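Visitor: What shape does this take:
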Amino acid sequence: MRAVQRRIGHEAARGAALSYPPPAGGGRNGAVENDSPGAERFISRSLASVPASGIRKFFDLLSTIDDVISLGVGEPDYVTPEPIRRAALESIEKGETHYTSNYGLLELREALSEEIETLYGVSYDPATEIVVTSGSSEAFDIALRSLIDDGDEVLCPDPSYVAYEPAVIMAKGRFRPVPTTAEHEFRLLASDVSERVTEQTKALLFGYPANPTGATMDRASLEAVAEVAAANDLAVISDELYARLTYEGEHTCFSSIEGMRDRTILIGGFSKTYAMTGWRIGWLAAPAPLAEAAMKVHQYVMMSAPTAAQYAALAALRQGESFVQEMLAEYDRRRRLMVDGLHAVGLPAFRPRGAFYAFPDIRPTGLDSTTFSERLLAEERVAVVPGSAFGACGEGFVRACYASGYEQIERALERIGRFVQRNR
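Guide: Have a look, this model is predicted:
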């Protein structure tokens, strides 16, 4: 009885209407209906504090409207290349349908190790320092859960990928945003990180090239952040999912910076680089103790990543480079169209150097980002994502994805131009 009263007390404190026990009765023909008042009392309080996705709201609305040009979904419009698809099919036909090692296929880990060393000059032991995951989202989730104790603080750029804050909260950590600004092209400044470190700060989580801004960090800027991490003994989770989608300059792998390998969990995946979003395959690389800790979470949550997807990922690393270069060139062409077009209609945007997002300033319209996005969708049938979905510092901006077709972007820009003209 006390336990029930405690649960009711927690709900009452949150202003929830309760009915306990639930009323008797059923649905038509005696079936029990799914209308249990007060069932919310069973939900974890930490989960209740997780914000709803600002992106999902627009996806749900999008499905109810015809003739929409979507610049909202962060997904390549390409189909996974045929050799990659074929490798998965062949693995199934050969009967490769069982669990793999918790760490993932050794052959895939060896290929990942070679790839990381070739591209960035950092060596990872495929036997003990690489874990294959179900997407990069699982990778940073298990990284956080293996590092964070109740109440530990995690610093993260604002704005940033929508899943970072929920992942920190569900790991029982405290999410601490570090503001970034358009004036600095949304780069993370070491001085801003340093100012926000407290005795409770355990880790720094960031991703460059960045979702939602398309921002990148040069080596000197990352080295300055690395000095702060070292001075305060912070673990670092570096989400480098978009590393191969870098258009200007060279991508710097954070763990390649002196002194960072031993404190960094490197995150990567195949979704964006090889148009494999639906395959749900990613990876993390870290010093053996950190990789083993993350694997411990992974083995109880997932056991192992899907076997067919692992064989597909192996084929991507072995046979997908020409596709990556072709896609990169096309995204670059779309990037220039998008940014130049946004400027032309009166929405200034810095030229993103990575990923496939533009982050235009919509403040000249006098609208907040949610109102802008809702009205643009309703009036011109163009979907973008409000910047506020990615953090407080995203307010006044919207995310526009240029992974859509070139002609589709041209038509979207025409519609956006009409909308802006009416709201200047």
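
Visitor: All the helices of the stretch 201-350 of the chain, residue numbers only.
Guide: 219-231, 288-301, 307-319, 321-344 (DSSP state H, counting those that start in this stretch).

Visitor: Need these in TSV (columns: distance to residue 273 and mean pLDDT).
Guide: The C-beta positions use only the backbone N, C-alpha and C, and glycine is treated the same way. TSV is the format used below for the helices of the stretch 201-350 of the chain (distance: least, CB to CB, whole Å; pLDDT from 0 to 100):
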stretch	distance to residue 273	mean pLDDT
helix 219-231	20	99
helix 288-301	21	98
helix 307-319	8	99
helix 321-344	6	98
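
Visitor: Quick one: closest of these to residue 99.
Guide: helix 307-319 (7.3 Å; CB to CB).

Visitor: So which elements touch the closest one?
Guide: Here helix 307-319 touches helix 82-93, helix 106-120, going by 3 or more CB pairs under 8 Å, 6 or more residues apart in numbering; DSSP states H and E.

Visitor: What's the mean pLDDT across the helix or strand that the last one is followed by?
Guide: Sequence order places strand 130-133 as the next helix or strand after helix 106-120, per DSSP states H and E. Model confidence over strand 130-133, given as mean pLDDT, is 99.

Visitor: got the buried residues for strand 130-133?
Guide: For strand 130-133, the neighbour count (16 or more other CB atoms under 10 Å) marks 130-133 as buried.

Visitor: residues in contact with that strand?
Guide: 100, 102-105, 108-109, 112-113, 124, 139, 142, 281-285, 291, 294-295, 298, 302, 304-305, 310, 313 (CB atoms under 8 Å, 6 or more residues apart in numbering).

Visitor: Repeat the analysis, applying 7 Å as the threshold.
Guide: For strand 130-133, contacts defined as CB atoms under 7 Å, 6 or more residues apart in numbering pick out 103-105, 108-109, 112-113, 124, 139, 142, 282-285, 291, 294-295, 298, 305, 310.

Visitor: just to revisit the earlier point, between the buried residues of strand 130-133, which is nearest residue 396?
Guide: The closest of the buried residues of strand 130-133, once distances to residue 396 are taken by CB to CB, is residue 133, at 34.6 Å.

Visitor: hang on, the earlier thing: can you tell me which of the helices and strands packed on helix 307-319 is nearest to residue 263?
Guide: That would be helix 106-120 among these, by CB to CB, at 16.5 Å.

Visitor: Report the central residue of this protein.
Guide: In the chain, the C-alpha nearest the mean C-alpha coordinate belongs to residue 161, at 4.6 Å (CA atoms, centre = their mean).

Visitor: Now for that one: which residues touch it?
Guide: 207, 211.
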